[in-house]
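Asks: got a sequence here, can you model it:
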Amino acid sequence: MKALAALILLVQLPIHKAVPAAPTAPLGCDDPEAEAAAEVAVSYINSHSHHGYKFALNRIDNIRVLPQGLNNDIMFLELDLLETTCHILSPTPLANCTVRSFTQHAVEGDCDVKLQKLDGKLSVLASKCHSHADSSEDVLQLCPGCPLLASLNNTEVLTTVTAALNYHNSKTADAYLRLLEIGRAKIQAHPVPIVSVEFAVAATNCSAEEAKDNVEACQLLPDNQSNFGFCTATMVMSPSKDLKVDCELYGHQVPTPDIPFLSQDTSAGLLPSVVQGFTNHNLRLSHNSPAASESSSSEFPTSMLSAKSVAKRAVAEVAQHDKVPRPVGFVPPPPPCPGKIRHFKI
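Replies: Numbering: from 1, shown residues only. Purely as a prediction, here's the structure:
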């Protein structure tokens, strides 16, 4: 009888079924976690770029998270970047760099970045980038009189850079400077023809005075003394040539493994760079981090949705929800991606 009573009691006990965990909401492009990942990605991109200028985040186009295990996620980002006025050699923090305005003939960068978030720490596994200048038509439509980007090997551009560097070296009592690369150039035709150039330079082991006797003997300083700089110059071409030059040396910066462009190997590779036929240095960056392991392949998934397809899907979902009666004043939530535009859209 006791066994029977125990069996009846067991049958009457409520059975608690395991409740499945609620699915995690997809990460939005403007979520703090997405923005933190984008900040790490942009820093990585700038520290591995060897030419041109630093880029700043304009918008997070898309984000995809693939859980790998406990406290281990792989993140894929699609980023829109904009060129700043800081050359890649400049020690100025990105937060203090000014994004070039639309009327200054802006340059946009498009990047795919793969990161790993392990125990809360973000690291970049791979990145692929390219950049392009806004179309001349778009600039002229908004600003008909604005000068446009000129080819970096344009004859007038090369003449202005050479004249500007010679002028600076003839007036300074400090180190003789050599050209590393021409960064940007614009030509204004009206009302007066003006050529504006920007170029990176490096100090040599000669003074400007010593270079007058044997300029060929002047070599770039070694790594432990390297001193890079940046020059801007404008040349009024007519009725008489009028040249204005401003050069700044950054001072010696200690190279680190994360900033390879400060090494002598890279600076030597820049000399001399005029990017034949192009108006801007392409952010043609394809880089795999040494931290990437076989278990965390650096390949980007071909199935990753583009920002446009994500946006279309989000709009369709909002439209579907709008068919349901809503209270007066209801505002549908914004789509999770693409994110907000921080500066302007090209």
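Asks: below-threshold pLDDT in the protein: ranges please.
Replies: Within the chain, the stretches falling below the threshold (pLDDT under 70) are 1-25, 255-277, 285, 287, 289-334.
Asks: can you list the domains in it?
Replies: Domain assignment for the chain, taken from the TED database, gives 22-146+281-290, 153-253.
Asks: can you show me the helices along this protein?
Replies: Under the criterion DSSP state H, the chain carries helices at the ranges 2-12, 32-47, 136-142, 155-171, 208-211, 264-270, 307-321.
Asks: name the helices or strands packed onto the third one?
Replies: Spelled out, it's helix 136-142. Based on contacts counted as 3 or more Cβ pairs under 8 Å, 6 or more residues apart in numbering; DSSP states H and E, the elements that helix 136-142 packs against are strand 148-149. In this view, the C-beta of every residue, glycine as well, is placed from N, C-alpha and C.
Asks: swap in 7 Å and give it another go.
Replies: Using 3 or more Cβ pairs under 7 Å, 6 or more residues apart in numbering; DSSP states H and E as the contact definition, helix 136-142 packs against no other helix or strand.
Asks: equivalent analysis for the fifth one, please.
Replies: Here helix 208-211 is seen to pack against no other helix or strand when contacts are counted using 3+ Cβ pairs under 7 Å, 6+ apart.
Asks: now do that helix: distance to the chain's middle.
Replies: 38 Å (Cα atoms, centre = their mean, to the nearest Å).
Asks: buried ones in it, by neighbour count?
Replies: Within helix 208-211, the residues that count as buried by 16 or more other Cβ atoms under 10 Å are 208, 211.
Asks: go on, the third one?
Replies: Neighbour counts using 16+ other Cβ under 10 Å place residue 139 of helix 136-142 among the buried residues.
Asks: CA atoms only for stretch 94-109 - export them in CSV, please.
Replies: This file holds the C-alpha atoms of stretch 94-109, laid out as CSV (Å, rounded to 0.1, in the frame of the first residue of the first chain):
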residue,chain,number,x,y,z
LEU,A,94,41.6,60.7,-35.0
ALA,A,95,39.1,62.4,-32.7
ASN,A,96,40.9,65.7,-33.4
CYS,A,97,41.0,65.3,-37.1
THR,A,98,38.6,67.2,-39.3
VAL,A,99,36.5,65.4,-41.9
ARG,A,100,36.8,67.0,-45.2
SER,A,101,33.5,68.7,-46.2
PHE,A,102,31.5,67.8,-49.2
THR,A,103,32.5,71.0,-51.1
GLN,A,104,36.2,70.1,-50.5
HIS,A,105,35.7,67.1,-52.8
ALA,A,106,35.3,64.4,-50.2
VAL,A,107,36.7,60.9,-50.4
GLU,A,108,34.7,58.0,-49.1
GLY,A,109,36.0,54.6,-47.9
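Asks: that stretch: which residues count as buried?
Replies: In stretch 94-109, residues buried by neighbour count (16+ other Cβ under 10 Å) are 94, 97, 99, 100, 102, 104, 105, 106, 107, 108, 109.
Asks: and if you look at stretch 165-181?
Replies: For stretch 165-181, the neighbour count (16+ other Cβ under 10 Å) marks 165, 168, 169, 175, 176, 177, 178, 179, 180, 181 as buried.
Asks: any chance of the residues you listed in TSV, plus distance to residue 342?
Replies: As requested, the buried residues of stretch 165-181 are exported to TSV (distance: Cβ to Cβ, whole Å):
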residue	distance to residue 342
165	36
168	36
169	40
175	39
176	41
177	35
178	37
179	34
180	30
181	28
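Asks: quick revisit: pipe the domains of the chain into a markdown table and attach distance to residue 344 per row.
Replies: Output for the domains of the chain, formatted as a markdown table (distance: least, Cβ to Cβ, whole Å):
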| stretch | distance to residue 344 |
| --- | --- |
| domain 22-146+281-290 | 5 |
| domain 153-253 | 19 |
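Asks: what's the closest of those domains to residue 337?
Replies: domain 22-146+281-290 (4.1 Å; Cβ to Cβ).
Asks: where do the strands of the stretch 1-150 of the chain begin and end?
Replies: Using DSSP state E, counting those that start in this stretch, the strands of the stretch 1-150 of the chain run over residues 53-69, 72-87, 107-118, 121-133, 148-149.
Asks: who does the second one touch, helix- and strand-wise?
Replies: The reference is to strand 72-87. Here strand 72-87 is seen to pack against helix 32-47, strand 53-69, strand 107-118 when contacts are counted using 3+ Cβ pairs under 7 Å, 6+ apart.
Asks: now with 8 Å?
Replies: Partner elements for strand 72-87 (3+ Cβ pairs under 8 Å, 6+ apart): helix 32-47, strand 53-69, strand 107-118, strand 121-133.
Asks: same deal with the shortest one?
Replies: For strand 148-149, the contact count by 3+ Cβ pairs under 8 Å, 6+ apart identifies helix 136-142, strand 175-188 as packing neighbours.
Asks: nearest to residue 84, out of the ones you listed?
Replies: Closest approach to residue 84 among the helices and strands packed on strand 148-149 (Cβ to Cβ): strand 175-188, 11.5 Å.
Asks: got the CA coordinates for the closest one in CSV?
Replies: Written as CSV, here are the backbone C-alpha positions of strand 175-188 (Å, rounded to 0.1, in the frame of the first residue of the first chain):
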residue,chain,number,x,y,z
ALA,A,175,67.0,69.7,-41.9
TYR,A,176,66.8,69.3,-45.6
LEU,A,177,63.4,67.7,-46.5
ARG,A,178,62.6,65.1,-49.1
LEU,A,179,59.3,64.3,-50.6
LEU,A,180,57.5,61.2,-49.4
GLU,A,181,54.3,61.4,-51.4
ILE,A,182,51.8,63.9,-52.8
GLY,A,183,48.6,63.5,-50.8
ARG,A,184,46.1,65.7,-52.6
ALA,A,185,45.9,68.4,-55.2
LYS,A,186,43.2,70.8,-56.5
ILE,A,187,43.2,73.2,-59.5
GLN,A,188,41.0,76.3,-59.6
